[in-house]
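**Q** here you go, sequence then predicted model.
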Amino acid sequence: MGIASKLIHNFKDRDNNKMLNICRDKTKRIRERNLEAWDDGRLQAESFRLQQEAQSGTPLDELLVDAYALVCEAAKRTLGLQPYDVQIMAAIALHERYLIEQHTGEGKTLSAVMPAYLNALAGKGVHVLTFNDYLANRDAEWMGPVYRFLGLTVSPVQAGMSFSRKREAYAADITYVTAKEAGFDYLRDTIALDVADTVHRPFHYVIVDEADSLLLDEARVPLVISGDADSAMSDGIRFAEVVRQLNQAEHYDFDQFQRNVYLNEAGAALAESLLGCGNLYDVHNSHLLTNLNCALHVETLLRKDVDYIVRSGNIKLIEEHTGRVAENRYLPEGLQAALAAKEGLHTFAGGRILGTITMQHFISLYPEICGMTATAHASASDFADIYALQVVRIPPNRTNIRIDHPHRIYTHKEAKLKALVQEISSVHRTGRPILIGTSSVEESDRLAEALVVAGVPCHVLNAKHDAEEAGIISKAGEIGAVTVSTNMAGRGVDIRLGGGNAAQAEVVFKLGGLYVIGTHVNESVRIDDQLRGRSGRQGDPGASVFYVSLEDELLLRFGISNAVRAPRQDEALEEPALRSKIMRIQRIVMGQNFDIHQELNGYSDMVEDQRRIVYAERLRILNGEQPLSPAEQRVRLFYIDEFWADHLAYVSYIREGIHLESITSRNPIDEFHMQITQAYEQIPAKINSASETMLARLGGSNDPAEWEKLGLKSPASTRTYIINDQYIQNKRSSWTTTTVIAYYLSRILKPVLRL
């Protein structure tokens with residue numbers, strides 16, 4: 001570590017310790033406010049007093065000690081839980097708008113209750129954004145008795161809830177909901193033509209659980225609402241057949257990090273021959289080129305049982321950070337159709353996009369943001385740069401005694417697999433439970449087969465078996481349990497020694513606790529740390545180790561095998577410097593991903609700024625803040641939505657080809673901003689003109705039936721979904737100077753050369 005890095009590290013440690021000292025002092029005052037002698041009625045009367053104080057304007061900071069003492073006593077009486085000092089410290093930091101790092105098993109759920117209660121006293125509502133629907137429902141039910149005892153309302157929101165139940169849930173003092181569902185509900189609100197058709201109230205204070213996943217890994221994920229689309233077989237079969245006749249190196253090339261693929265001269269010539277289309281790069285063939293590139297991408301870069309699975313005749317994408325099926329998630333439309341064609345399946349076609357917002361922009365709509373996770377420190381600078389959130393590391397209640405062994409590195413995959421089977425077999429014979437984290441569905445199935453051959457029974461947890469998740473996880477800490485999993489078991493999963501059986505837990509404790517084995521390292525250190533964190537819960541013993549091969553995708557991408565030049569061998573390599581190189585690669589990739597995110601922000605931030613201006617105007621009209629007749633209100637809302645949807649389509653069109661601007665030495669982002677600004681500035685005039693024409697046709701009629709007759713109504717049906725942003729990132733990162741020049745030569749010069 002250099003001098004500059006040490007200085008920064010010391011400054012951060014100083015700030016962290018300063019905040020922890022503030023939290024300790026307040027915790028001491030809360031503990032001194034002992035309410036054991038109070039009866040229930042007196043506690044509830046105190047809660048009512050605090051509500052009155054908060055709603056009359058008393059700063060919440062002045063009420064914190066009394067409020068937290070009240071929650072501590074209420075939790076003890078209703079749940080039998082007495083918060084640890086470190087949980088109270090975490091709760092104080094959350095109220096102070098920090099992002100807290102709290103170790104696995106340290107009780108983040110209870111920590112969140114205190115700031116949620118305090119901030120709900122103002123009567124403006126608090127959202128706790130959870131990782132999935134199950135946790136939203138579980139946490140609301142589990143912590144509900146505390147809130148209700150103190151006179152507040154609490155409710156979960158679940159996907160598929162009726163409109164009336166959702167509206168009621170969002171009206172509660174505390175609402176537990178996934179970020180995805182809250183975002184979709186927000187998008188539905190943005191196209192409502194009547195205020196009675198909205199579910200959200202103005203945003204206030206949010207606590208983000210698993211914050212690194214939502215605020216960083218999922219930050220660029222675009223949530224979309226569109227007009228419904230019919231299922232149809234695309235004509236992509238034709239393009240799928242063409243790309244299957246192309247060969248790597250001869251017909252197409254990958255970029256430096258194999259994130260994207262593009263035709264070379266020979267590939268374009270063969271494709272033109274197979275398609276019988278003439279010059280593929282002529283303007284009138286642009287749709288063919290787009291479809292062909294999509295087919296090439298899904299054929300060469302998207303792998304079945306790694307990036308997606310096929311279930312019940314449908315494509316199901318796999319979320320790379322969790323290994324779970326990414327429900328309701330699609331690739332950008334052309335790629336989704338190409339992937340369906342690759343598998344010979346139907347796909348959704350059409351569906352005009354009515355509104356979209358990224359997860360980052362949605363969460364930033366909350367005036368007050370805080371969050372919690374077990375893995376924040378590695379990305380502390382990202383949280384500070386993107387959200388102005390400072391990370392505070394909360395000490396554990398009990399010292400972490402888990403042993404994290406150095407990586408075991410092998411020259412090739414076969415040697416790694418052989419060593420894994422030997423290690424798992426050996427440890428299994430002792431009865432110690434083992435959790436193995438794999439990189440994909442494909443790898444988890446392959447390892448499980450090898451273990452069965454070796455006589456080691458195991459449970460497999462991956463996207464193919466997600467329905468069995470709860471049962472598998474409940475047994476993963478039992479004596480002799482061997483669980484082979486994708487990243488599904490890496491986050492939000494609580495594995496108890498002995499499966500919750502006290503007698504078994506004692507035996508497993510003596511065996512050394514849960515043994516966690518990773519079969520690869522992830523791009524992000526945080527994902528590795530999440531897997532490690534399944535072991536060593538609340539001072540339990542445990543151990544972790546990662547098995548790595550020089551043929552693993554991440555190491556191949558950075559040419560480590562070429563740099564090492566080690567002879568092929570079955571034994572692990574004894575080169576400590578290799579472990580440092582792997583950690584350096586992870587830092588590089590995390591830095592690259594952050595840079596890509598920042599550059600993508602340059603495109604999406606301006607569109608979001610435009611959306612907020614349009615939506616603020618729309619909200620004023622919807623709420624009747626502008627004196628309009630009912631007919632004018634309906635007409636203007638309708639045309640705001642109409643022309644905003646047109647604008648989104650134009651933005652998408654411009655963005656597809658904007659990187660070609662770098663050929664002429666123009667900055668693509670500046671050019672993009674200029675073009676969408678010019679288009680945006682035309683929207684008000686279009687809305688006014690169309691509205692005047694329609695109002696003239698209506699003749700001032702305020703009859704809803706007349707509005708319907710003239711088409712002034714909401715879409716008959718809509719669907720909400722998530723666009724997988726990985727393709728967008730990969731596409732952007734692939735546009736190196738070499739790629740742009742190659743594209744330029746193919747598209748612009750080839751017609752000239754053929755004359």
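**A** Right, received. Where do you want to start?

**Q** tell me the pLDDT at the spatially most central residue of the chain?
**A** Central residue of the chain (Cα atoms, centre = their mean): residue 218, 2.5 Å from the mean position. According to the prediction, residue 218 has pLDDT 84.

**Q** please enumerate the helices of the stretch 251-400 of the chain.
**A** 265-275, 286-301, 333-342, 359-363, 380-387 (DSSP state H, counting those that start in this stretch).

**Q** please apply the same query to the stretch 651-755 of the chain.
**A** 668-680, 683-698, 704-709, 725-734, 737-744, 750-753.

**Q** remind me which residues of the stretch 101-250 of the chain are low pLDDT?
**A** Scanning the stretch 101-250 of the chain for pLDDT under 70 picks out 228-234.

**Q** let me see the ranges of the helices in it.
**A** All helices of the stretch 101-250 of the chain, identified by DSSP H, counting those that start in this stretch, fall at 108-120, 133-149, 163-170, 179-190, 211-212, 236-243.

**Q** from residue 133, how far out is residue 169?
**A** Residue 169 sits at a distance of 13 Å from residue 133 (criterion: Cβ to Cβ, to the nearest Å). C-beta: built from backbone N, CA, C; applies to glycine.

**Q** including mean pLDDT, mean neighbour count and distance to residue 26, could the helices of the stretch 251-400 of the chain go into JSON lines?
**A** Shown next, in JSON lines, are the helices of the stretch 251-400 of the chain (pLDDT from 0 to 100; neighbours: other Cβ atoms under 10 Å; distance: least, Cβ to Cβ, whole Å):
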{"stretch": "helix 265-275", "mean pLDDT": "88", "mean neighbour count": "17", "distance to residue 26": "65"}
{"stretch": "helix 286-301", "mean pLDDT": "85", "mean neighbour count": "20", "distance to residue 26": "52"}
{"stretch": "helix 333-342", "mean pLDDT": "83", "mean neighbour count": "24", "distance to residue 26": "51"}
{"stretch": "helix 359-363", "mean pLDDT": "93", "mean neighbour count": "23", "distance to residue 26": "27"}
{"stretch": "helix 380-387", "mean pLDDT": "89", "mean neighbour count": "18", "distance to residue 26": "23"}
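
**Q** for residue 498, what are its contacts?
**A** By Cβ atoms under 8 Å, 6 or more residues apart in numbering, residue 498 lies in contact with 477-479, 504-508.

**Q** swap in residue 622?
**A** 192-195, 198, 633, 637.

**Q** the stretch 401-550 of the chain: strands as residue ranges?
**A** Remark: strands assigned in the stretch 401-550 of the chain by DSSP state E, counting those that start in this stretch are 403-404, 408-410, 434-437, 459-461, 482-485, 514-518, 542-549.

**Q** which of the ones you listed has the lowest mean pLDDT?
**A** Among the strands of the stretch 401-550 of the chain, strand 459-461 scores lowest, at a mean of 87.

**Q** now do the domain split for this protein, please.
**A** 11-228+359-393, 230-350, 403-574, 590-717 (automatic domain parsing).

**Q** so which of the ones you listed is nearest residue 581?
**A** Closest to residue 581 of those is domain 403-574 (Cβ to Cβ; 6.3 Å).

**Q** quick one on the thing from earlier: my read: the residue nearest to the centre of the chain touches residue 359, true?
**A** Yes: contact criterion Cβ atoms under 8 Å: residue 218 and residue 359 qualify, at 4.9 Å.

**Q** now for these two: what residues contact both?
**A** With Cβ under 8 Å, 6+ apart as the test, residue 218 and residue 359 both reach residue 179.

**Q** now the contacts of residue 622 in TSV, with neighbour count and distance to residue 26?
**A** As requested, those are exported to TSV (neighbours: other Cβ atoms under 10 Å; distance: Cβ to Cβ, whole Å):
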residue	neighbour count	distance to residue 26
192	16	43
193	16	48
194	12	46
195	11	41
198	20	38
633	18	49
637	21	48
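
**Q** just those residues now: which is nearest residue 37?
**A** Once Cβ to Cβ is applied, the member of the contacts of residue 622 that ends up nearest residue 37 is residue 198, at 46.2 Å.

**Q** residues contacting that closest one?
**A** Going by Cβ under 8 Å, 6+ apart, residue 198 touches 167, 188-189, 192, 622.

**Q** closest one of these to residue 149?
**A** residue 167 (25.0 Å).

**Q** need the contact list for that closest one.
**A** 198-199.

**Q** and residue 270, by the same measure?
**A** Counted by Cβ under 8 Å, 6+ apart, residue 270 has contacts 245-246, 251.

**Q** hang on, the earlier thing: quick check on the residue nearest to the centre of the chain: phi, psi?
**A** For residue 218, the backbone dihedrals are phi -100, psi 10 (criterion: degrees, to the nearest 10).

**Q** does residue 336 touch residue 351 like I think?
**A** No: Residue 336 is beyond contact range of residue 351, at 10.8 Å (criterion: Cβ under 8 Å).

**Q** now the strands of the stretch 401-550 of the chain in TSV, with mean neighbour count and distance to residue 604?
**A** What follows is the strands of the stretch 401-550 of the chain, written out as TSV (neighbours: other Cβ atoms under 10 Å; distance: least, Cβ to Cβ, whole Å):
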stretch	mean neighbour count	distance to residue 604
strand 403-404	16	38
strand 408-410	23	39
strand 434-437	26	32
strand 459-461	22	35
strand 482-485	25	34
strand 514-518	25	33
strand 542-549	22	35
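
**Q** distance to residue 137 added to the ones you listed, as TSV?
**A** Formatted as TSV, the strands of the stretch 401-550 of the chain follow (distance: least, Cβ to Cβ, whole Å):
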stretch	distance to residue 137
strand 403-404	34
strand 408-410	40
strand 434-437	25
strand 459-461	21
strand 482-485	23
strand 514-518	27
strand 542-549	29
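
**Q** number of nearby residues for the residue lying closest to residue 306 once chain neighbours are set aside?
**A** Counting by Cβ to Cβ, 6 or more residues apart in numbering, residue 440 is the residue found nearest to residue 306 once chain neighbours are left out, at 4.2 Å. Residue 440 has 22 neighbouring residues, counting by other Cβ atoms under 10 Å.

**Q** what's near enough to touch residue 440?
**A** Going by Cβ under 8 Å, 6+ apart, residue 440 touches 303, 305-306, 318, 323, 462, 486.

**Q** going by distance to residue 213, which of those residues wins?
**A** Residue 213 has its nearest neighbour among these in residue 323, at 12.6 Å by Cβ to Cβ.

**Q** picking up where we left off before, with respect to residue 723, which of the domains of the chain lies nearest?
**A** Closest approach to residue 723 among the domains of the chain (Cβ to Cβ): domain 11-228+359-393, 4.6 Å.

**Q** quick one on the thing from earlier: would a markdown table of the helices of the stretch 101-250 of the chain with distance to residue 400 be doable?
**A** Output for those, formatted as a markdown table (distance: least, Cβ to Cβ, whole Å):
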| stretch | distance to residue 400 |
| --- | --- |
| helix 108-120 | 16 |
| helix 133-149 | 23 |
| helix 163-170 | 37 |
| helix 179-190 | 29 |
| helix 211-212 | 19 |
| helix 236-243 | 50 |
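
**Q** if we can go back for a sec, neighbour count winner among residue 169 and residue 133?
**A** Applying other Cβ under 10 Å to residue 169 and residue 133 shows that residue 169 carries more neighbours, namely 22 against 19.

**Q** distance of that one relative to residue 359?
**A** Using Cβ to Cβ, we find residue 169 at a distance of 20 Å from residue 359.

**Q** for the top helix by length along the chain, what is the average pLDDT?
**A** For the chain, the longest helix by residue count, based on DSSP state H, is helix 576-622. For helix 576-622, mean pLDDT rounds to 87.

**Q** quick revisit: pull out the buried members of the contacts of residue 498.
**A** With burial judged by 16 or more other Cβ atoms under 10 Å, the buried subset of those is 477-479, 504-505, 508.

**Q** for the contacts of residue 270, pick the one with the most neighbours.
**A** residue 246 leads the contacts of residue 270 on contacts (other Cβ under 10 Å) with 22 neighbours.

**Q** from what I see, it and residue 269 are in contact.
**A** No: with contacts counted by Cβ under 8 Å, residue 246 stays clear of residue 269, the gap being 10.9 Å.
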